[in-house]
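**Student:** No sequence on hand, only this structure:
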């Protein structure tokens, strides 16, 4: 008897899904990997920005320390001259 059997349609649908599953998994994996890379880039950019800010702050501290050392040296000279 030729006709439409629901069982045949279900089996064909299952085989179609099994055939498409690897492609879908590859696409999902690619999307996930892309998102992970973007997050890592954002984190590294934020880390670089913080490092640059820290470097600038350290340079300011060094300048301040050098200035204080110069002042202290001048004060010591003045005290020696007074003695």
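**Tutor:** Received, thanks. Note that the structure is a prediction, hence the values are computed from the model and not measured. Numbering: from 1, shown residues only.
**Student:** now the protein, which segments are flagged as low pLDDT?
**Tutor:** In the predicted model of the chain, residues 1-3 satisfy pLDDT under 70.
**Student:** Distance of the residue most central in space within it relative to residue 54?
**Tutor:** Of all residues in the chain, the one closest to the mean position by Cα atoms, centre = their mean is residue 43, 1.9 Å from it. For residue 43, the distance to residue 54 under the criterion Cβ to Cβ, to the nearest Å works out to 16 Å. The C-beta positions use only the backbone N, C-alpha and C, and glycine is treated the same way.
**Student:** do residue 65 as well
**Tutor:** Applying Cβ to Cβ, one obtains 16 Å for the distance of residue 65 from residue 54.
**Student:** again with residue 8
**Tutor:** From residue 8 across to residue 54, the span is 68 Å (Cβ to Cβ).
**Student:** cool, residue 30 as well?
**Tutor:** Spatial separation of residue 30 from residue 54 under the definition Cβ to Cβ is 36 Å.
**Student:** Helices of this structure, residue ranges please.
**Tutor:** Along the chain, the stretches classed as helices by DSSP state H are 6-82.
**Student:** list the contacts for residue 81?
**Tutor:** Applying Cβ atoms under 8 Å, 6 or more residues apart in numbering, we find residue 81 in contact with no residue.
**Student:** count of residues packed around residue 40?
**Tutor:** Neighbour count for residue 40, taken as other Cβ atoms under 10 Å: 10.
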